[in-house]
Structures are given as C-alpha cells and as structure tokens.
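> from the sequence below, what's the structure:
(2 chains)
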Amino acid sequence: MNEYLRRKNMRDGLLYLSVFVIGILFLVAASSSDGAEARNARGVIALERVVELPDDSEKWYLSIVGEYGEARYTEILLWFEKDSALNQLRKQVHFRMIDSDTSTYRKRYAQNVKGLPTVRLQKHNGVVVYESAGDNLPLSAGGLYGAIANSASKAQGLGIFRPWGPRKQLPLRAPGPLDPLDYRCPNRKCPRRPVEPPEDDPPPAPLVPGGPPEIAVQSGLDMPSAGIGAGSVLLCLFGGAGASLFVQWRKMYRQ
Amino acid sequence: MTPRKFQLAGLLVFWAGMTAILFCCLGCGQLDSIMPRIDVPNIPPRVVVSERPVVNIPYDLRQKNWLGRQREGSCTWATTISLLRWQGRYAKADWVRKNRGDGEWPEHMAKGLDSAKIRYAYTTDGDVKFLEWACKTRRGCGVTVNGGAHMVALVHLDSQWAAILDNNDINKFIWVPRAALIAEWKASHGWAVAPVYTPAPPMPQ
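Below is the predicted model of the structure:
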C-alpha cells in the first residue's frame, strides 16, 4: 500500500511538473510571438522618423549665395558659425547656402541677385527684409548682424527714431583673403582654381518650430567716440568758463 | 563784440558742453526713452504674389522614374529624390539614386530611409493635416495614387486646388481639384511620406 501511494504521488508530481513546464513554455512562446508581431506591426525602430511635425511655416529664410570655395563666401559662412549673434540668428531661421553651380541658383537666384556673394533675409512669404551683395556687404560679422538687425526691426514695424543712424562697429582686422597664395596675385584677383564639390551635404538644421526671429538691436558706446565726446565737453567747459572770467576781469580792471 | 555779448557767448558754450555731457552719460541707446518716439506711419501691407506651386521644383532637380534591379518602377524613390533636391540635400539624393530602387511599402521604405539616415515623416492613415503641413511648410510630400500602385509628389495644396509632379512625366505640374486629389489619395491607402529638411526660400518679393 505504501509503495502504491509512493508511486502514485510520484506519478502525480511528475504530471503536475510537466504541466507546469509546458505552461511555462507556452507562455514564453506567446510572449515572443507577441513581441515579433508588435515589431512587425510597427515596422523597424524609427531612428530618423519625425513624429512631431514642426510648425515652422512662419519662419524667415536666410540665403547665403556664392561661389563654392570663393574666399569672401567662405568667410561669410564662417561668420554664421563663429559669431555668437549670427549663429543665434541662424538657429531661428531657415538657413540655406546656395552654391552658384546648382540648379537652385540658376533657376531661382541668378536673375535676381546683384552680385556674389549675396546675403538675403526674407519673410516666410518671400518679402525681402535685407539684401546685400559683393562690395556692399559689411566688413565684419558685427556689421553684418547690425545691418540685418536694423532691417529686421524696420520690417517688424518697431519704428524707433534714430537721427544718427546705427552705430558702425569698427572691423577688428583688415579683411583679407583666406588663401595666402592670393597675395601673390595682382589686386588679389587670382585665376579661379577648380574646387571639388563637397562629398556630402552639410549637417541638417535642427527642427525647431517658430516664427519671425527675435533679433536684439545692438547699442552701446564706442571707446573712440566716447573719448572725442569727453574732450569736446571739457573744451566747452573750459572755453565757456574762461570767456566768462575774461569778461569779468575786463570789467573789474577797466573800471 | 561787446563784453556783454562775449559773456553770453561763453554761457552758451557752457550750456552746450553740459548738454554734451548729458548725451555721453546717458548713451545713445538710453536716449530712446526720453526722445520723442516717432512711429512709422500705418502703411497697408503690400500685395504679395505667392509662388504657385509653393514647392516649385526646378526642372533640373526633378527625378524621372526608373526600373530598379528587380525590374520594378521606382516611383517612391524618384519622388523622394526630387523632394530631397528641393530641400538642398543633393549628395543624399544622388546616393539614393545609386543605391535604392524598385517598389516600396511604408514599413520597408521607413527601414530604407532609416538606414540611409534620411530624416523623414510619414502617415498611412490618410490624415489630410499631413498633406497640409507638408505644403504649408513648403517641403512637399509623396502621395500614393492609382489604388496604391503609383506615387507622385504633392507640390501644392490650397483650399481649392492641388498640384502634383508625376515622375513618369516631369515636364509639367498637374493641377487637380483639392477634393479629387484627397479622394484619390485616401482610396490609395492614404500613404504620404516627406523628407524633413530646409526647403528652398521663396522667390523674392
């Protein structure tokens, strides 16, 4: 009897254990298949997919147009990377570099730019807010930002009256070519050397929703003009005081 | 000059100097707060002629359809290439032309765009807001037509009209009523896909 019960218990135990193991296996299989089906339903893991569509339809457009590899064009592009104000502006607009050897330039810019390089700021509907080309471009990054800022302020209807106009920032160094070999060419105009086009596109701009850019108009005193102003003040003071003293002295001693 | 006049002249010079001190101390920027503000007169906004279509892809940037390695049409990739070139991604567009082709479906194309590191957005549920976003932001998108057998580029969508660029005939834009285009698209599985980069600026006004 005991032997029978022992065998019966073992048999039952084995039965329960096998049912338990089979249940676990089924559970594992079901989880795996659910995961596979979910992945197939969703497709691959979206690494580049944009889910939140950026509402940037009202952003302004900033075009830098020029000949790829040309010194002045390259210098202006570097300003938009190195200068903090221009770089900040770049992040708030649709920024495009337009090389003159592209169809986009030939079809959309060649007939309406006044020279190369060109810097053009447009509203979202195409209205030109600022445009400057060739020798009319400011000499420094600060000058370019100031010119753009003034134009943008007027375009946004800020209308502040400034009888003396915007302050011009003096260039920190004389503008020069980026390529020292150009010094050997007469009038710094060297024959164009063929430049290989870039192998890859520039890094894409981050997707940031927004509208018109917020541009801070620069203001402040320049040290040289402050010195001249202080000198004029002192001259006026001493001149006026001296003239009054002279008149009083003459009155006193004439009498 | 009489002494009295000389004295008056001296006083005038003195007050001019004091005024110059005031200018230098306050700074030009600060004077805005005390100078009289003259507002720009209220000029009515100018009439702006919008470009039509808004995604006005130049002819040289349009990609024709081609047969892929499996001898299938490559309309989805041809549409994507045209839109990539419009958004200034020339090198990427050339890479796609060399390395992609044949027919596609949404999940497989998403995988292809991920592996090519192309930033994109898409919908498969016929959401018209996606089409409106693509045209409002001037990026454009590919839309399925002909029961899902073909994809074309949607380059304009307003309250009345839609314009498409068919990669089987890149010589012209095809204008259709908005409702007709949307009905055709929804009947063709409602799949739309768009690269998401910076569109070309509008023509100057």
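> in chain B, what residue is nearest chain A?
residue B:17 (2.7 Å; Cβ to the nearest Cβ). Using the backbone N, CA and C atoms, a C-beta is placed for each residue, glycine as well.
> excluding chain neighbours, what is closest to that residue?
In space, residue B:17 comes closest to residue A:236 once its chain neighbours are excluded; the distance is 2.7 Å by Cβ to Cβ, 6 or more residues apart in numbering or on different chains.
> A strand includes the one you found, no?
No - assessed by DSSP: H, G, I helix; E, B strand; the rest coil, residue A:236 does not belong to a strand; its assignment is helix.
> pLDDT weak spots in the stretch 101-250 of chain A?
In the predicted model of the stretch 101-250 of chain A, residues A:158-199, A:216-230, A:233 satisfy pLDDT under 70.
> with just CA atoms, put stretch B:97-109 into CSV.
Coordinates of each C-alpha in stretch B:97-109 appear next as CSV, following Å, rounded to 0.1, in the frame of the first residue of the first chain:
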residue,chain,number,x,y,z
ARG,B,97,19.5,57.3,-56.9
LYS,B,98,22.5,54.9,-56.9
ASN,B,99,21.5,52.7,-54.0
ARG,B,100,17.8,52.5,-53.9
GLY,B,101,15.0,51.5,-56.3
ASP,B,102,12.0,49.3,-57.1
GLY,B,103,8.6,49.4,-55.5
GLU,B,104,8.1,50.1,-51.8
TRP,B,105,5.6,49.9,-49.0
PRO,B,106,5.5,52.1,-45.8
GLU,B,107,7.4,49.9,-43.4
HIS,B,108,10.1,48.8,-45.8
MET,B,109,10.6,52.3,-47.1
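> hmm, stretch B:97-114 in reach of chain A?
Yes - residues of stretch B:97-114 contacting chain A under Cβ under 8 Å from any Cβ of the partner chain: B:106-107, B:110-111, B:113-114.
> check which residues of that stretch are buried.
Buried residues in stretch B:97-114, counting neighbours by 16 or more other Cβ atoms under 10 Å in any protein chain shown, are found at B:97, B:100-104, B:106, B:109-114.
> again with stretch A:53-67
By neighbour count on 16+ other Cβ under 10 Å, the buried set for stretch A:53-67 is A:53-54, A:56-57, A:59-67.
> tell me how many other residues crowd the residue nearest to residue B:17.
20 (other Cβ atoms under 10 Å in any protein chain shown).
> compute the distance between it and residue B:18, please.
From residue A:236 across to residue B:18, the span is 8 Å (Cβ to Cβ, to the nearest Å).
> what touches both of the two?
Contact criterion Cβ atoms under 8 Å, 6 or more residues apart in numbering or on different chains; residues shared by residue A:236 and residue B:18: none found.
> looking at chain A, which residue is nearest chain B?
The minimum distance from chain A to chain B, using Cβ to the nearest Cβ, falls at residue A:236 (2.7 Å).
> can you show me the helices along chain A?
A:2-42, A:71-82, A:84-92, A:103-108, A:141-155, A:223-254 (DSSP state H).
> do chain B as well
B:3-31, B:75-86, B:90-99, B:106-115, B:128-136, B:178-186.
> can you put the ones you listed in TSV and add distance to residue A:130 and mean pLDDT?
Listed next are the helices of chain B as TSV, based on distance: least, Cβ to Cβ, whole Å; pLDDT from 0 to 100:
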stretch	distance to residue A:130	mean pLDDT
helix B:3-31	21	66
helix B:75-86	24	98
helix B:90-99	26	95
helix B:106-115	36	94
helix B:128-136	24	97
helix B:178-186	35	96
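> pretty sure residue A:113 sits against residue A:134.
No - using Cβ atoms under 8 Å, residue A:113 is not in contact with residue A:134, being 9.3 Å away.
> of those two, who's got more company?
Using other Cβ under 10 Å as the criterion, residue A:113 and residue A:134 rank with residue A:113 on top: 21 against 13.
> now for that one: which residues touch it?
Residues near residue A:113 by Cβ under 8 Å, 6+ apart: A:65, A:120, A:133.
> now residue B:134
By Cβ under 8 Å, 6+ apart, the contact set of residue B:134 is B:140-141, B:154, B:157, B:192, B:194.
> filter those residues down to the ones in strands?
B:141, B:154, B:157, B:192, B:194 (DSSP state E).
> skipping its backbone neighbours, what lies nearest the last one in space?
It refers to residue B:194. Among residues not flanking residue B:194 along the chain, residue B:141 sits closest, at 3.6 Å (Cβ to Cβ, 6+ apart).
> now that neighbour, which residues is it bridged with?
Residue B:141 forms beta bridges with residue B:154, as assigned by DSSP bridges.
> pLDDT score assigned to it?
Looking at residue B:141, its pLDDT reads 98.
> neighbours of it, just the number please.
Applying other Cβ under 10 Å, we find 28 residues neighbouring residue B:141.
> list the contacts for it?
Counted by Cβ under 8 Å, 6+ apart, residue B:141 has contacts B:83, B:130-131, B:134-135, B:153-154, B:192-194.
> check residue A:211 too.
Residue A:211 touches A:58-59, A:124, counting by Cβ under 8 Å, 6+ apart.
> so which of the residues you listed reach chain B?
Taking Cβ under 8 Å from any Cβ as the test, chain B is in contact with residue A:124 out of the contacts of residue A:211.
> tabulate the contacts of residue A:211 (JSON lines), appending distance to residue B:73.
What follows is the contacts of residue A:211, written out as JSON lines (distance: Cβ to Cβ, whole Å):
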{"residue": "A:58", "distance to residue B:73": "37"}
{"residue": "A:59", "distance to residue B:73": "36"}
{"residue": "A:124", "distance to residue B:73": "36"}
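> what residues does the stretch 1-150 of chain A have near chain B?
Proximity of the stretch 1-150 of chain A to chain B (Cβ under 8 Å from any Cβ) is limited to residues A:40, A:43-51, A:53-57, A:61, A:63, A:94-97, A:102-104, A:106-108, A:112, A:120, A:122, A:124-128, A:131.
> how about a cut-off of 6 Å?
Counting by Cβ under 6 Å from any Cβ of the partner chain, the residues of the stretch 1-150 of chain A close to chain B are A:43-44, A:47-48, A:50, A:53, A:57, A:61, A:63, A:94, A:96, A:103-104, A:107, A:112, A:122, A:125-128.
> what subset of these is buried?
A:43-44, A:48, A:53, A:57, A:61, A:63, A:94, A:96, A:104, A:107, A:122, A:126-128.
> ok, residue A:49 - how many residues close by?
Residue A:49 has 17 neighbours, counted by other Cβ under 10 Å.
> distance check, it against residue A:147.
40 Å.
> tally of neighbours for the residue nearest to residue A:243 when sequence neighbours are not counted?
Nearest non-adjacent residue to residue A:243, counting by Cβ to Cβ, 6+ apart: residue B:10, 3.2 Å away. For residue B:10, the number of neighbouring residues by other Cβ under 10 Å comes to 19.
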